[in-house]
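How does the following fold in three dimensions:
(one chain, ligands or ions: 1)
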Amino acid sequence: MFQALSSDGGALGSALRWGSDGLILQLRIAYVYESGLSSLDGVLLAADFFPPVETACRAAGMALVSRPHPPALPHGAIREVLPGIHLVTGTVRMAMPPLRFSRNMTILRDGERLVLVNCVRLEEAGLASLDALGTVTDVIRLAGGHGMDDPFYRERYGAKVWAVAGQRYTAGADDRARDVYLEPDVAMAPGTELPVPGARLYTIRSTPPDALLVLDRQGGTVVAGDSLQNWVRPDNHFNLLARMLMPLMGFVRPYNIGPAWLKDCKPPPDDLRGILALDFANVLPAHGEAVIGGARDHYRSAIERVSSG
Ligand SMILES: [Fe+2]
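Below is the predicted model:
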C-alpha cells in the first residue's frame, strides 16, 4: 500500500512506499524546494541520491488545492543587464539533499508596465525596488520546474499569469497530480499574442513543456526556462554542499543545457536543434549569468551535442 505524508503548506512532502511485509522499501523526497514546489532539476538531483519510485502521492490521492505563498528567500539586487531588461538572482532551497543554489527572475519593462519572467518572490526591500521600476501587470512562466512564486505576484499586483500550454501548477513533484494550486490566465502556444511587444514564444515539447521567450531587442534576446543555463561558477547563493556537488554533476559550466531537465523532461532533439534557427545574441537564463553578445554561437556546440542522438 501507499502512504503519503506532507507537512504544512507543502514545506516538505515525502512519499513512503510500503512493501507487502509492512517494511518501508524506499523513500523519495517528493518536494524538493523547501517552499513546496517541485523542481524538475531538484527532483533529478534527489533521484540521483535516492532510488526512483513511482509517485505515491498521486496513488494515495493526496490533494493540495491551495497553499500559503512560499516565503521570500535571499536574493541579490535588481540590476539592468540590457536597456529595459533587469535581472535579479534569488535562491532555491532543496529539502533533501540540502542544497541551496540560485535562480533568476527577468523583469521586462514596457513603459510603466513590468512583465516578470521566471518569477522569484522578493523580500520587502526588493519589492520596493521593483515598484520603483514600474507596475507589475503580467507574469510569464517558461519552465515547468518554476512557477512557485507566480501566485504571490498575481495576488499582490493582480498580475495576469501566462504559462506554457500543458504546464500545470501542482504542489508536488508529479506534474500529473490531480490538483493544482493555480490556474493560469493564459495557456501560451506558438502564435499567442504575448504581453511583451515584439516577443514570441518558442516552445519545447518536453514533459512538462518548456519555452523560450524570444525578444526582438538588442540583436535578439532570449529569456530561457530550464533549457539554456549558464552557471559559470557557483555564485553566492550556493551553499557549501551545492558548491561541492553541482559542479561534479555537470550543472556548473558555461553555455550549458540543463542536465537534469534534459534527462528528466526529455526534450525532442528537433526542438533543441530548432533553437539554433532562432536569431539571438543574448540569453537571460533562469540559472546562471546573463549571456550578452554572441549567445547563439556560444550555445551551438552544447545544443548540437545534446540533439545529435
Ligand atoms: Fe530550474
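
From here on, just use CA atoms for contacts and neighbour counts.
OK.

what residues go with each domain of the protein?
Per the record, the chain has its domains at 2-59, 79-307, by automatic domain parsing.

would you list the ones you listed in CSV and tack on mean pLDDT and distance to His69?
Listed next are the domains of the chain as CSV, based on pLDDT from 0 to 100; distance: least, C-alpha to C-alpha, whole Å:
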stretch, mean pLDDT, distance to His69
domain 2-59, 33, 8
domain 79-307, 96, 6
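
Throw the ones you listed into JSON lines and include distance to Ala72 and mean neighbour count, thanks.
Output for those, formatted as JSON lines (distance: least, C-alpha to C-alpha, whole Å; neighbours: other C-alpha atoms under 10 Å):
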{"stretch": "domain 2-59", "distance to Ala72": "9", "mean neighbour count": "19"}
{"stretch": "domain 79-307", "distance to Ala72": "5", "mean neighbour count": "19"}
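
Out of those domains, flag the one nearest Ser66.
domain 79-307 (4.8 Å; C-alpha to C-alpha).

can you give me the end-to-end distance of that closest one?
33 Å (C-alpha to C-alpha, to the nearest Å).

Name the residues that touch stretch 75-91?
By C-alpha atoms under 8 Å, 6 or more residues apart in numbering, the residues outside stretch 75-91 that reach it are 73-74, 100-110, 120, 122-123, 126, 129-130, 218, 237, 284, 290.

Now, these that are in helices?
Members of the contacts of stretch 75-91 lying in helices (criterion: DSSP state H): 126, 129-130.

In strands, which of the contacts of stretch 75-91 appear?
Using DSSP state E, 100-110, 284 are the members of the contacts of stretch 75-91 that sit in strands.

Quick check: the farthest pair among those?
Farthest pair in those, by C-alpha to C-alpha: Arg100 and Asp110, 32.6 Å.

Could I get the full set of helices for the chain?
Going by DSSP H, the chain shows helices at 40-49, 56-59, 124-133, 150-157, 240-248, 259-265, 269-274, 295-307.

and the last one, what does it pack onto?
Secondary-structure packing of helix 295-307 (3 or more C-alpha pairs under 8 Å, 6 or more residues apart in numbering; DSSP states H and E): strand 256-257, helix 269-274, strand 282-284.

Distance to Val306 added to these, as a markdown table?
Putting the helices and strands packed on helix 295-307 into a markdown table (distance: least, C-alpha to C-alpha, whole Å) gives the following:
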| stretch | distance to Val306 |
| --- | --- |
| strand 256-257 | 8 |
| helix 269-274 | 7 |
| strand 282-284 | 18 |
